[in-house]
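Asks: Whatever this is, show me its structure:
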Amino acid sequence: MDVYDFSLASDQYSLALVHIFNPGDGAVTSMNSIQIGWENDGYQNTHCLNTACPGFQPEAGAAIFLGDVIEPVSQPNGVKQNITIKVLKVDRASGDWLVHYGFNQHEPTLIGRYPKSLFTGGLAERASDITIGGAVMTPRSTDLVPMGSGYLPSTTVAAAFSNFQIIDQNGQASLVNQNLPVHVTQPGMYSVTPVINGQFFYGGPFQPPT
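Replies: This is a model prediction of the structure:
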């Protein structure tokens, strides 16, 4: 995923993420989830992040630690900087979820794990759902918060998720080459393209739509 940085107010955020979850029996208390990605608000508003809650076990000598600043970042009209995130379950016996990270096409390396013991049912066994994309928040309806690069995917400078793959229970990865269900809460402001060969573009807007 491409990485960007913005000047936002303290009560705003913009993020891109991979969300792996299992809703359990449907009750809120049975939901298990892991969210990995980048975020731009100084971790002020977006729940229990990084190591604020116990459980994540960092790998010794990892290339990055949860909460580290990613540098450099992309410029909409310049060079794109991107990170590669790989999250997979070791096996049903140990059940740990391993998190790998790579920067600018470098092969992702292990940075840590979420132990199976963190989860009761749900992700202790498997993930049932995966969502990927961007999100923004602002308490003021008159403000426009950039998502992705800040540009709509109809432009050549929009942000992208690329090489999107699903890893099955046998550890085999396959490129997502078909379109997926889309959820956009403000279609007049933000947009996303279909998935083609494991890639899609998303985001908006630095400017109001015309």
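Asks: Phi, psi for the nearest residue to Met137 once chain neighbours are set aside please.
Replies: Spatial nearest neighbour of Met137, excluding adjacent residues (CB to CB, 6 or more residues apart in numbering): Tyr13 at 5.1 Å. Placement of C-beta: from N, CA and C, glycine included. With angles defined as degrees, to the nearest 10, Tyr13 sits at phi -150, psi 160.
Asks: For the helix or strand bottoming out on mean pLDDT in the chain, which helices and strands make contact with it?
Replies: Least confident helix or strand, the chain: strand 32-39 with a mean of 82, by mean pLDDT, DSSP states H and E. Contact partners of strand 32-39 among helices and strands, from 3 or more CB pairs under 8 Å, 6 or more residues apart in numbering; DSSP states H and E: strand 13-22, strand 83-89.
Asks: swap the cut-off to 6 Å and go again
Replies: Other elements packing on strand 32-39 under the criterion 3 or more CB pairs under 6 Å, 6 or more residues apart in numbering; DSSP states H and E are strand 13-22.
Asks: The residue nearest to Met137 and Ala159: what is the separation?
Replies: Remark: distance between Tyr13 and Ala159 (CB to CB, to the nearest Å) = 15 Å.
Asks: burial measure for the nearest residue to Tyr202 once chain neighbours are set aside, as a count.
Replies: Counting by CB to CB, 6+ apart, Tyr202 lies nearest to Val192, which is 4.1 Å off, once chain neighbours are set aside. Using other CB atoms under 10 Å, Val192 is surrounded by 23 other residues.
Asks: before we move on, the earlier item: export the least confident helix or strand of the chain as CSV, just CAs?
Replies: Extracted in CSV, the C-alpha atoms of strand 32-39 (Å, rounded to 0.1, in the frame of the first residue of the first chain):
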residue,chain,number,x,y,z
ASN,A,32,-11.8,-10.9,17.2
SER,A,33,-9.9,-8.6,14.8
ILE,A,34,-6.4,-7.6,13.8
GLN,A,35,-5.8,-4.3,11.9
ILE,A,36,-2.5,-3.5,10.3
GLY,A,37,-1.6,-0.4,8.2
TRP,A,38,-0.6,3.2,8.4
GLU,A,39,-2.3,6.0,10.2
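Asks: Run the chain-centre distance for it.
Replies: Distance, stretch centre to chain centre, for strand 32-39: 6 Å (CA atoms, centre = their mean, to the nearest Å).
Asks: That strand pairs with which strands, and in what direction?
Replies: Here strand 32-39 has these sheet partners by DSSP bridges: strand 13-22 (antiparallel).
Asks: Give the rounded mean pLDDT of the partner strand.
Replies: The average pLDDT for strand 13-22 rounds to 90.
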